[in-house]
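Engineer: Could you look at this predicted model? Sequence included:
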Amino acid sequence: MNRYIKGLFVGAVAVFFIAADEPRPMGLLGIDISAHQGRIEFSKLEVQDKHTGEWVKPHFIYIRASNGSSKQDNYFTYNWSESKTHNFKRGAYHFFQPRYSGADQARLFISTVGDDHGELPPVLDIEWMPDYITPNTLRAELHKWLNTVKTEYGTQPIIYTNASYYEDYLKGHFPGYKFWIAHYSATPRLDQHASFWQYSDRGLARGISENLVDVNYALTEFFKSL
């Protein structure tokens, strides 16, 4: 998602790892994509697993649908259609802009995605906190987006953010929600609410010729429950 995520997450060590010389994730490997990746050749799409060095077909793909209250991702229609054609498990995400109404942004997301929201829950991507609104106001608008999308699709969205942002603004304010945490470390510290971990924004992928790609692990137990 964002190319400039930094930060340290303080919390309990999650169950992504088993005892070994180097930590090895126990989740399933996936990617998230947007117009930044250009026109993807889904028939060739494979991503390199940094722990094994192997090239594997992603177990899941999250695709950006919309940004703010008026901008649709230029490649969403193509990515959404082609990923389905090539039998990828997919979900859609929205990049949240705090300057706009949460309800307006939810309506844009819904109109972009349509009736088919994919095989995975929708995702709300929030990564920055402007100085012209308060944290309480931001959280209220995030809840508007989440509630509107949940009502539309009948499934609870997931919240994506980076580790520091979660700790500073979101932790404890969204009971019952699962989180997707970005923390670029070989040994991240994630709490019990983290069901996805984005471990790098510099993944290598076959079938993607423009830019690198975000790579993630989903907890196996959570993924199988979907």
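Structural biologist: That came through, no problem. Numbers count the residues shown, from 1 in each chain.
Engineer: Return the distance of Leu204 relative to Ile110.
Structural biologist: Applying Cβ to Cβ, to the nearest Å, the value for Leu204 to Ile110 is 34 Å. Heads up, the C-betas are built off the backbone N, CA and C, glycines and all.
Engineer: now the longest strand along the chain, how far from the centre of its chain.
Structural biologist: In the chain, with assignment by DSSP state E, the single longest strand is strand 194-203. Relative to its chain's centre, strand 194-203 lies at 8 Å (Cα atoms, centre = their mean, to the nearest Å).
Engineer: so Ser195 touches Trp180, yeah?
Structural biologist: Yes - at 6.9 Å, Ser195 and Trp180 qualify as touching, with contact defined as Cβ atoms under 8 Å.
Engineer: about what we covered before: neighbour count for Leu204 and Ile110, which is higher?
Structural biologist: Under the criterion of other Cβ atoms under 10 Å, the comparison of Leu204 against Ile110 puts Ile110 first, with 21 against 14.
Engineer: show me what contacts Leu138?
Structural biologist: Each residue near Leu138 by Cβ atoms under 8 Å, 6 or more residues apart in numbering is listed here: 98, 126, 129, 169.
Engineer: State the helix or strand in which it lies.
Structural biologist: Using DSSP states H and E, Leu138 sits in helix 135-153.
Engineer: Quick one: name whatever helix or strand follows that helix.
Structural biologist: Per DSSP H and E, the first helix or strand lying C-terminal to helix 135-153 is strand 158-162.
Engineer: Please enumerate residues in contact with that following strand?
Structural biologist: 1-2, 5-7, 93, 121-127, 142, 146, 170, 174, 177-183, 195-196, 198.
Engineer: What strands line up against that strand, and which way round?
Structural biologist: Sheet pairing for strand 158-162, assigned by DSSP bridges, gives strand 123-125 (parallel), strand 179-182 (parallel).
Engineer: how about those strands, which one is nearest Glu82?
Structural biologist: Nearest of the strands paired with strand 158-162 to Glu82, taken as Cβ to Cβ: strand 123-125 at 19.3 Å.
Engineer: Could you pull up the contacting residues of Leu124?
Structural biologist: 93-94, 96, 142, 145-146, 149, 157-160.
Engineer: And the helices in the chain?
Structural biologist: Assigned by DSSP state H, the helices in the chain fall at 76-85, 102-113, 135-153, 163-165, 220-224.
Engineer: picking that back up, buried ones only from the contacts of Leu138, please, as a ChimeraX command.
Structural biologist: Buried members of the contacts of Leu138, defined by 16 or more other Cβ atoms under 10 Å, are picked up in ChimeraX with:
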select :98,126,169
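Engineer: nearest to Ser81, of the contacts of Leu138?
Structural biologist: Ser81 has its nearest neighbour among the contacts of Leu138 in Ile126, at 27.0 Å by Cβ to Cβ.
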